[in-house]
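Predicted model and sequence below, questions to follow.
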Amino acid sequence: MANPISVQDTAVGRVRWALGHVLVAVGGTTVLMLLVGVGAGVTRAVDVGRFGVAGWIALAAFVLLGELGPLLGLDQWAMDLSPFAHVPKLPGGAFTAGSVAALTAIAAVLAVAGLTGLRRRDIM
């Protein structure tokens with residue numbers, strides 16, 4: 001019976017070892033970005049209907065509220081409509097668990113509603 005390969009039999013230089021890790025990190029990131037891009041393209045190719053368009057409009061409105069609200073002198077209640085106004089500005093800002101917990105709960109409820117709607121949808 002042959003001896004199993006030991007660490008001493010397969011010595012690898014430090015640079016080669018590090019480049020192996022860098023290759024995995026860069027390659028993995030590239031593959032993930034490619035998969036996300038393909039997923040976004042497939043999603044766009046499928047008719048997303050009114051809810052998809054409404055989601056993009058809401059995202060654009062919230063980003064504009066956050067960016068242009070202070071410049072336009074909007075009241076705080078109007079800027080609080082954006083969920084981005086309730087997330088702490090990290091690093092350096094004060095972390096408040098209450099607002100993050102509330103946003104997480106809202107996201108969970110919306111995720112359950114979306115999955116429920118997906119279950120009822122007739123997909124061919």
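Yep, it's here.

buried sites along stretch 74-87?
The neighbour-count check on stretch 74-87 (16 or more other CB atoms under 10 Å) flags Met79, Ser82, Pro83 as buried. Where C-beta positions appear, they are placed from N, C-alpha and C, glycine not excepted.

Leu35: which of those is nearest?
Distances from Leu35 to those, taken as CB to CB, are shortest for Pro83 (26.5 Å).

any idea how far Ser82 is from the closest residue to that closest one other than its chain neighbours?
Leaving aside its sequence neighbours, Pro83 sits nearest to Leu103 (CB to CB, 6 or more residues apart in numbering; 5.8 Å). Going from Leu103 to Ser82 by CB to CB, to the nearest Å gives 11 Å.

tell me, what residue is most central in this protein?
Val36 (10.4 Å; CA atoms, centre = their mean).

Helix or strand: which one has that one?
Per DSSP states H and E, Val36 falls inside helix 14-45.

What is the distance between that helix and the centre of its chain?
Between the centre of helix 14-45 and the centre of its chain there are 16 Å (CA atoms, centre = their mean, to the nearest Å).

Stretch 60-71 too?
Its chain's C-alpha centre and that of stretch 60-71 lie 20 Å apart, by CA atoms, centre = their mean.

Buried residues, that stretch. List them.
Applying 16+ other CB under 10 Å to stretch 60-71 flags Phe62, Leu65, Gly69 as buried.

Next: stretch 98-109.
For stretch 98-109, it's none, nothing buried (16+ other CB under 10 Å).

Alpha carbons of it, as CSV, please.
Taking Å, rounded to 0.1, in the frame of the first residue of the first chain, the C-alpha atoms of stretch 98-109 are listed here in CSV:
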residue,chain,number,x,y,z
GLY,A,98,-34.2,50.0,17.2
SER,A,99,-34.2,51.5,13.7
VAL,A,100,-32.2,48.6,12.3
ALA,A,101,-34.6,46.1,14.0
ALA,A,102,-37.7,47.9,12.6
LEU,A,103,-36.2,47.9,9.1
THR,A,104,-35.3,44.2,9.4
ALA,A,105,-38.9,43.4,10.5
ILE,A,106,-40.4,45.4,7.6
ALA,A,107,-38.0,43.6,5.2
ALA,A,108,-39.0,40.2,6.7
VAL,A,109,-42.7,41.0,6.3
